[in-house]
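K.L.:
Could you work out the structure for the sequence below:
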Amino acid sequence: ELMAKLRERMPDVAVIVLTAYGSVEGAVEAMHMGADDYLGKPVHLPQLLVVLRRVLAHRHLQKEARSLRSALAAREDDAMSGVVGHAKALRDLLDLARQVADAPVSVLIAGESGTGKQQVARLIHQWSGRRGGPLVNVKCGALGDAAAAERELFGQVEAGVVIREGRLREAEGGTLVLADVDALPLAAQARVLRVLQEHRHEPLGDAAPRSADLRVIATTSKDLERLVKAGKFRDDLYYRLGVVSLRTPSLRERRDDVPLLAMHFLRRSAARARKQVVGFGERALGVLLACDWPGNIRQLEHCVERAVVMCRGTEIEPRDLPREVMSRTRGDDAAPVIPGASLRELERYAILRTLEHVGGSTSKAAKILGISPRKIQYRLNEYRGGAPSASGSGEFAATELMDD
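P.N.:
Below you'll find the predicted structure:
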């Protein structure tokens, strides 16, 4: 009876059965009930130590196996969901999203436009216990005035006849994503707040309340606190939505992921266009790394799609990239990369800025740029000779860079 209770309440606890009534039948029964081992009395301490070591080692292997399975499952989830990148900011976000996925609370996802807020909302739904239910996306900016927003969200009844079910009804048992929740009219905000507080709502034209078994995830690219202070967003709804708040990092915070994302979009775009474009030239990749990407991942995706269409060979070159990408830099004190700059100047800029980004490591810079460390060292020797600088920041200490 004790073994059964232990396995029910503490399944991970190791158990060794000691008994003065040793028998083969008793050993088999104990092991069948979940005992890790079986010893007869009186206890022989050296034998007990051997058994303890074996049981602990086995438990350690089990723990490692569970951790490995979890890691593999996470990678499979990431691969299935299309997550690309290994930057720390992205990994931290995904860890938090996975952690809160099963929590019965609303989630607010904030971040710049084009940073993947909708994708994070989809992942939270996929990782939650509601994954079997519907995932309903509502673009609040397209709802119109308060009356139209309430009809769309809560439905409408006329003379006892349901004219429109409403998006909340569609999301029953699943997840409702309110994209750009900052655009939701104030009157509709009050009714959404009631749903979150009381888990019920009424369609327009019907006083009979309906239950609301759903999870709400809201996204925004605006500063909601500032909107609250300006009276354009309800403070009580803001606090209710933000029980858990996540922030999607900008592409500037994930600069190491630019090559991975670019190749991901290139393969997909090349397959759609049925073109034999297999990669980026060194200079083109340098331009992508130098761009500040105000439109984030969405802008990079459109840039690569356009470049694949314009590409005349098997590798994308700077001439294939949109002019606005060629004219934008990281937004700091560096000199801009502008149309008309020579390819050599672009290459110099890409190498020096990438070296700054990785702290002067030529091997890391070479990996990001897709060239050899020897080529970077060769170029640095040239730059020490007094060639015009493509960067507005100071020159590197070449001897420090060469040490790598």
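K.L.:
burial count for the residue nearest to residue 358 when sequence neighbours are not counted?
P.N.:
Among residues not flanking residue 358 along the chain, residue 364 sits closest, at 4.0 Å (Cβ to Cβ, 6 or more residues apart in numbering). Using the backbone N, CA and C atoms, a C-beta is placed for each residue, glycine as well. Number of residues near residue 364 (other Cβ atoms under 10 Å) recorded here: 17.
K.L.:
I figured residue 364 hits residue 376, correct?
P.N.:
No - taking contacts as Cβ atoms under 8 Å, residue 364 lies outside contact range of residue 376: 10.2 Å.
K.L.:
overlap in contacts of the two?
P.N.:
With contacts defined as Cβ atoms under 8 Å, 6 or more residues apart in numbering, no residue is shared by residue 364 and residue 376.
K.L.:
Going by residue numbers, what spans are strands in the stretch 1-150 of the chain?
P.N.:
Along the stretch 1-150 of the chain, the stretches classed as strands by DSSP state E, counting those that start in this stretch are 16-19, 37-40, 107-110, 135-139.
K.L.:
Direction included, what does the third one pair against?
P.N.:
Next to strand 107-110 in the sheet, as set by DSSP bridges, lie strand 215-220 (parallel), strand 244-247 (parallel).
K.L.:
List of residues touching that strand?
P.N.:
Applying Cβ under 8 Å, 6+ apart, the set of residues contacting strand 107-110 from outside is 100, 117, 120-121, 124, 181, 216-221, 224, 241-248.
K.L.:
Same question for the last one.
P.N.:
Contacting residues not belonging to strand 135-139 are listed as 118, 121-122, 125, 152-153, 167, 170-171, 174-180 [Cβ under 8 Å, 6+ apart].
K.L.:
Name the nearest residue to residue 221, sequence neighbours excluded.
P.N.:
Among residues not flanking residue 221 along the chain, residue 113 sits closest, at 4.7 Å (Cβ to Cβ, 6+ apart).
K.L.:
Which residues are in contact with that neighbour?
P.N.:
Residue 113 touches 221, 295, 296, 298, counting by Cβ under 8 Å, 6+ apart.
K.L.:
ok so, going back, need the strands of the stretch 1-150 of the chain in JSON lines (columns: distance to residue 278 and mean pLDDT).
P.N.:
Formatted as JSON lines, these follow (distance: least, Cβ to Cβ, whole Å; pLDDT from 0 to 100):
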{"stretch": "strand 16-19", "distance to residue 278": "60", "mean pLDDT": "84"}
{"stretch": "strand 37-40", "distance to residue 278": "58", "mean pLDDT": "82"}
{"stretch": "strand 107-110", "distance to residue 278": "35", "mean pLDDT": "96"}
{"stretch": "strand 135-139", "distance to residue 278": "35", "mean pLDDT": "93"}
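K.L.:
which of these sits most buried?
P.N.:
Among the strands of the stretch 1-150 of the chain, strand 107-110 has the highest mean neighbour count (mean count of other Cβ atoms under 10 Å), at a mean of 24.
K.L.:
Now do that strand: distance to the chain's middle.
P.N.:
Distance, stretch centre to chain centre, for strand 107-110: 13 Å (Cα atoms, centre = their mean, to the nearest Å).
K.L.:
again with stretch 246-266
P.N.:
Relative to its parent chain, stretch 246-266 has a centroid offset of 10 Å by Cα atoms, centre = their mean.
K.L.:
same thing with stretch 271-288?
P.N.:
Relative to its chain's centre, stretch 271-288 lies at 25 Å (Cα atoms, centre = their mean).
K.L.:
And it, end to end?
P.N.:
Taking Cα to Cα, to the nearest Å, the first and last residues of stretch 271-288 lie 21 Å apart.
K.L.:
what do you get for stretch 230-250?
P.N.:
Span of stretch 230-250 from end to end, Cα to Cα: 26 Å.
K.L.:
What residues of it count as buried?
P.N.:
For stretch 230-250, the neighbour count (16 or more other Cβ atoms under 10 Å) marks 233-234, 237-238, 240-242, 244, 246-250 as buried.
K.L.:
Just those: which are in strands?
P.N.:
Counting by DSSP state E, the buried residues of stretch 230-250 place 244, 246, 247 in strands.
K.L.:
before we move on, the earlier item: possible to save the buried residues of stretch 230-250 as a markdown table with distance to residue 277 and pLDDT?
P.N.:
A markdown table is the format used below for these (distance: Cβ to Cβ, whole Å; pLDDT from 0 to 100):
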| residue | distance to residue 277 | pLDDT |
| --- | --- | --- |
| 233 | 45 | 94 |
| 234 | 49 | 94 |
| 237 | 47 | 94 |
| 238 | 46 | 94 |
| 240 | 48 | 92 |
| 241 | 43 | 92 |
| 242 | 43 | 87 |
| 244 | 41 | 91 |
| 246 | 35 | 95 |
| 247 | 34 | 95 |
| 248 | 29 | 94 |
| 249 | 28 | 94 |
| 250 | 27 | 93 |
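K.L.:
Distance of residue 36 relative to residue 56?
P.N.:
Distance, residue 36 to residue 56, by Cβ to Cβ, to the nearest Å: 10 Å.
K.L.:
How about residue 92?
P.N.:
Here residue 92 is placed at a distance of 33 Å from residue 56 (Cβ to Cβ).
K.L.:
got it, and residue 131?
P.N.:
Using Cβ to Cβ, we find residue 131 at a distance of 36 Å from residue 56.
K.L.:
the bottom helix or strand of this protein by mean pLDDT?
P.N.:
When the helices and strands of the chain are scored by mean pLDDT, DSSP states H and E, helix 398-402 comes last with a mean of 35.
K.L.:
Spit out the residues that contact residue 36 and residue 56 alike.
P.N.:
Counting by Cβ under 8 Å, 6+ apart, the shared contacts of residue 36 and residue 56 are residue 14.
K.L.:
out of the two, which sits in the more crowded spot?
P.N.:
Legend: neighbour count by other Cβ under 10 Å for residue 36 and residue 56, higher for residue 36 (18 against 12).
K.L.:
which residues does that one contact?
P.N.:
By Cβ under 8 Å, 6+ apart, the contact set of residue 36 is 14, 15, 16, 55, 58, 59.
K.L.:
For the closest residue to residue 54 other than its chain neighbours, list each beta-bridge partner.
P.N.:
Taking Cβ to Cβ, 6+ apart, and ignoring the residues beside it in sequence, residue 54 has residue 37 as its nearest neighbour in space, at 7.4 Å. For residue 37, the beta-bridge assignment (DSSP bridges) gives partners residue 16.
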